[in-house]
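# Quick one: sequence and predicted model below, then my questions.
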Amino acid sequence: MNLRSALFGCVAVAGALVSHDASAHMVNGGSGWTSGIAHPFLGIDHLLAMLAVGFWAAQTGGRALWAVPLTFVSIMAGGALMAMAGIPLPAVESGVAASVLALGLLVAFAVQLPVATGMLLAGTFALFHGHSHAADLPAMVSPWTYGAAFLLATGALHASGIAAARALDVQRLRIAGTCVAIAGAALVVAS
């Protein structure tokens, strides 16, 4: 696959995202465990951001390989607790969409930041994702089971992003980042 056809495919997918319905990643009728595991996989915004965290952590290497994903999961739990406690966070969906765009750009341009800065950036994005996850808590499920499940799913997506980044050559990883960024731009426009 050449660069031109890869980017064309990315633009086509991003165009489809403009009509993406945020409620599409709701799992009705499932247990807290099922809903929590499914949520990050069914919301393209969460899926792409979490994979991109793994891409970027692998691309950066060193301590960032574990510190950035661990920070994301930890702060995401804090964002979820905020939502469960009724503490509002302005522009949650816009923040989630912006995270997809920003993380994609970081990978596309192979941006190298100090580990602490990368952790701060990942944590900021995670706050929005965690708040969004908890705000989508299905009725009649245990919030603790749901929360544990979406944290586990997030960790699995980060690990998948790391594994994918290690399997790709530098150019293909940057193309993947470009695709994430294009999708993020479409999500920003739609939010």
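Thanks, I have it. Predicted model, so just to flag it, every value in this text is computed and none were measured.

# what helix or strand does the most centrally placed residue in the chain sit in?
With distances taken as Cα atoms, centre = their mean, residue 49 lies nearest the centre of the chain, 2.3 Å away. Element membership of residue 49 [criterion: DSSP states H and E] is helix 44-60.

# what do you get for residue 72?
Assigned by DSSP H and E, residue 72 falls in helix 64-84.

# which stretches of the chain aren't confidently modelled?
Scanning the chain for pLDDT under 70 picks out 1-30.

# Residue 68 - nearest residue in space that isn't next to it in sequence?
Counting by Cβ to Cβ, 6 or more residues apart in numbering, residue 68 lies nearest to residue 57, which is 4.3 Å off, once chain neighbours are set aside. Heads up, the C-betas are built off the backbone N, CA and C, glycines and all.

# For the one you found, grab the count of nearby residues.
29 (other Cβ atoms under 10 Å).

# Next: residue 91.
Using other Cβ under 10 Å, residue 91 has 11 neighbouring residues.

# for the chain, what spans make up the strands?
Listed in chain order, the chain contains no strands at all (DSSP state E).

# What segments of it are helices?
3-17, 32-42, 44-60, 64-84, 92-108, 115-135, 143-167, 170-190 (DSSP state H).

# List phi and psi for residue 86.
Dihedral pair for residue 86: phi 80, psi 20, per degrees, to the nearest 10.

# That one: neighbour count?
Quick note: residue 86 (other Cβ under 10 Å) scores 6 neighbours.

# pretty sure residue 103 is touching residue 49, no?
Yes. The criterion here is Cβ atoms under 8 Å, and residue 103 meets it with residue 49 at 5.7 Å.

# Grab the CA positions of the helix holding residue 49 and hand them over as CSV.
Taking Å, rounded to 0.1, in the frame of the first residue of the first chain, the C-alpha atoms of helix 44-60 are listed here in CSV:
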residue,chain,number,x,y,z
ILE,A,44,-14.3,5.0,17.8
ASP,A,45,-13.1,8.1,19.7
HIS,A,46,-12.0,6.0,22.7
LEU,A,47,-10.6,3.2,20.6
LEU,A,48,-8.4,5.4,18.5
ALA,A,49,-7.2,7.5,21.4
MET,A,50,-6.2,4.5,23.5
LEU,A,51,-4.4,2.8,20.6
ALA,A,52,-2.6,6.1,19.9
VAL,A,53,-1.4,6.3,23.5
GLY,A,54,0.2,2.9,22.9
PHE,A,55,1.6,3.9,19.6
TRP,A,56,3.1,7.1,21.1
ALA,A,57,4.5,5.3,24.2
ALA,A,58,6.3,2.8,22.0
GLN,A,59,7.5,5.4,19.6
THR,A,60,8.9,7.5,22.5
